[in-house]
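> All I have is the shape, not the residue letters:
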Ligand code: SF4
Ligand code: SF4
């Protein structure tokens, strides 16, 4: 089972008749909807009377950690996890997570479909100097194709934005995934409609069809070949910016996590046990506090400094 590189999609063997299960690995980071995507697929398999096993890891995924879900389905499935090198399809909601899981994909027959969006964790910057560049892994689309010829990098988030709702990006990807699997469009659409908020059913319907068309239609051939992945941007040069740490006091419960984890030790709890920026000059805008606060009480804003006109 695979997506062909031409406009005609090969659809054999069918998941209902294949002796071996079909293996789909779905990966991304916390909050992106990996589990929802995998549940849509699992539900679809059940509705088509297939055996399906789904396993997932998301324990450490809060606010940006890695999340993955194995979905295996067919006439019979014994193990819930996909062995190394045996995924038929790797669907990545984030570019670096897609790269991380490439060894699980069958390099000859596997299909790689990934959103080009990059969610850069603060931990990827190991240099504490202001303006340091991050070590977020970077590989171009071409480099990935050398490993897996049947690869699709797509700006699914941008496509969903074009439809008026960037949150429909996962449905764009599901539309692409659907071209590689033997389920009817009506079945996909019905399950997706049950899985999204009622007022977004129509935009998700369009997003699904857009994803399918983007992979199948010759009209998008050039676009498919031209997708590039942006090099991760360097951290802002602090001399040029103003860092504004917005603390929502009502949400801070004084748990101390941000204080302990701030690499520059510039946070402290005040006498009311609310966090405050005790040493603003030391803050490098690394965002660790924002990412780690369980109560969303900190937001780090970086503004370009206005140049004063004499
Ligand atoms: S991590 Fe959040 S809740 Fe805990 S002290 Fe910091 S701002 Fe307050
Ligand atoms: S206050 Fe927050 S953004 Fe500033 S250095 Fe500490 S963890 Fe990083």
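Noted; the coordinates are in hand. All of these numbers come straight from a predicted model, not from anything done at the bench. Ligands and ions are numbered 1, 2, ... in the order given.
> List, one by one, the residues from the stretch 151-300 of the chain near ligand 1.
252-258, 275, 293, 295, 297-298 (Cβ under 6 Å from any ligand atom). All C-beta atoms are positioned from the backbone trio N, CA, C, and that covers glycine.
> Redo the residues you listed as a markdown table? Include pLDDT and neighbour count.
A markdown table is the format used below for those (pLDDT from 0 to 100; neighbours: other Cβ atoms under 10 Å):
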| residue | pLDDT | neighbour count |
| --- | --- | --- |
| 252 | 96 | 21 |
| 253 | 94 | 14 |
| 254 | 94 | 14 |
| 255 | 94 | 16 |
| 256 | 92 | 13 |
| 257 | 90 | 17 |
| 258 | 92 | 22 |
| 275 | 97 | 25 |
| 293 | 87 | 22 |
| 295 | 85 | 13 |
| 297 | 93 | 21 |
| 298 | 94 | 22 |
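> Return the subset of those lying in helices.
Counting by DSSP state H, these place 257-258 in helices.
> Rebuild the residues of the stretch 151-300 of the chain next to ligand 1 as CSV, extending it with distance to residue 37.
As requested, these are exported to CSV (distance: Cβ to Cβ, whole Å):
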residue, distance to residue 37
252, 33
253, 32
254, 36
255, 32
256, 35
257, 30
258, 31
275, 35
293, 27
295, 27
297, 30
298, 29
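> now for the lowest-mean-pLDDT helix or strand in the chain, which elements pack on it?
When the helices and strands of the chain are compared on mean pLDDT, DSSP states H and E, helix 221-226 comes out lowest with a mean of 80. The contact analysis (3 or more Cβ pairs under 8 Å, 6 or more residues apart in numbering; DSSP states H and E) places helix 221-226 against helix 201-216.
> quick revisit: give me the buried positions along the least confident helix or strand of the chain.
Buried residues in helix 221-226, defined by neighbour count with 16 or more other Cβ atoms under 10 Å: residue 224.
> Report the distance from that helix to the chain centre.
Centroid displacement of helix 221-226 relative to its chain, using Cα atoms, centre = their mean, to the nearest Å, is 21 Å.
> Sitting in strands, which of the residues of the stretch 151-300 of the chain next to ligand 1 do you find?
275, 298 (DSSP state E).
> returning to that earlier point: what's in contact with the helix or strand that the least confident helix or strand of the chain is followed by?
Scanning forward in sequence from helix 221-226 by DSSP states H and E, the next helix or strand is strand 241-247. Outside strand 241-247, the residues that touch it by Cβ atoms under 8 Å, 6 or more residues apart in numbering are 274-277, 280, 283, 285, 289, 297-305.
> Tell me which stretches of the stretch 1-150 of the chain form helices.
Ranges of helices in the stretch 1-150 of the chain, per DSSP state H, counting those that start in this stretch, are 34-47, 95-100, 141-147.
> Can you tell me which of the ones you listed is most buried?
Highest mean neighbour count of these: helix 95-100, a mean of 22 (counted as mean count of other Cβ atoms under 10 Å).
> Identify the residues contacting the least confident helix or strand of the chain?
By Cβ under 8 Å, 6+ apart, helix 221-226 touches 7, 152, 154, 214-215.
> Any chance of a markdown table for these, columns pLDDT and distance to residue 38?
Shown next, in a markdown table, are these (pLDDT from 0 to 100; distance: Cβ to Cβ, whole Å):
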| residue | pLDDT | distance to residue 38 |
| --- | --- | --- |
| 7 | 35 | 28 |
| 152 | 92 | 19 |
| 154 | 91 | 19 |
| 214 | 93 | 21 |
| 215 | 90 | 20 |
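> Arrange the residues you listed in CSV, one row each, with neighbour count as further columns.
Converted to CSV, the contacts of helix 221-226 look like this (neighbours: other Cβ atoms under 10 Å):
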residue, neighbour count
7, 12
152, 23
154, 24
214, 21
215, 23
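> Tell me how many other residues crowd residue 243.
A count of neighbours around residue 243, defined by other Cβ atoms under 10 Å, yields 17.
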